[in-house]
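Student: My questions are about this predicted structure, shown below with the sequence.
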Amino acid sequence: MEIERKFLINKEQLPENLEDFPFHRIEQGYLCTEPVVRIRRQDDDYFLTYKSKGLMSREEYNLPLTKDAYYHLKSKADGLVISKTRYLIPEKNHLTIELDIFHEEYEGLLLAEVEFPSKETAEAYTPPAWFGEDVTWSSEYHNSTLSQGRNISKS
């Protein structure tokens, strides 16, 4: 079960030492958006992911893919293939902020996600001051929605 909250980030509010944090280069495409079936390249690892419906909480299953299988399926992606850099920033209470800085079609979009062990923890979470609008309850900011080329407001 994936339980996460998602927030818009204003570029001017980013931590100054961003380059000091670990990061991943991510590319992902969607074979289907209802239900969500995603392929992802994260650095040199490849995955096929299924996600159930939901906003803050939903089921998620990851299966490994070979590089060849990923590139074969990438050509079948429905819509845009999303490219982003994900920074992993330590947060209070042993949590991690996953800060996504989007590239190409969504250059300028910055989203932070925080995953939680329970719904109660997620609902009680107070985000850091540098976080912007809480968009957890908006499917507009799901990557599967973005892959369909939707115009969204960038901070």
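Tutor: Good, I have the coordinates. Residues are numbered from 1 along each chain as shown.
Student: can we go C-alpha only for contacts and neighbour counts from here?
Tutor: Fine.
Student: can you map out the strands along the chain?
Tutor: 2-8, 23-33, 36-42, 45-51, 57-58, 60-64, 82-91, 95-102, 110-115 (DSSP state E).
Student: The first one packs against which elements?
Tutor: Going back to what we said before, that points to strand 2-8. Judged by 3 or more CA pairs under 8 Å, 6 or more residues apart in numbering; DSSP states H and E, the packing partners of strand 2-8 are strand 57-58, strand 110-115, helix 119-124.
Student: What count of nearby residues applies to G54?
Tutor: The number of residues packed near G54 is 12, by other CA atoms under 10 Å.
Student: What about it? Give its phi and psi, please.
Tutor: phi 140, psi 170 (degrees, to the nearest 10).
Student: Okay, the nearest residue to P35 once chain neighbours are set aside and Y106: tell me how far apart.
Tutor: Leaving aside its sequence neighbours, P35 sits nearest to S52 (CA to CA, 6 or more residues apart in numbering; 6.1 Å). According to CA to CA, to the nearest Å, S52 and Y106 sit 24 Å apart.
Student: Need the residues that contact the least confident helix or strand in the chain by mean pLDDT.
Tutor: Within the chain, no helix or strand scores below strand 57-58, which has a mean of 91 by mean pLDDT, DSSP states H and E. When contacts are defined by CA atoms under 8 Å, 6 or more residues apart in numbering, strand 57-58 is touched by residues M1, E2, I3, E4, K51, S52, K119.
Student: I am finished for the moment; much appreciated.
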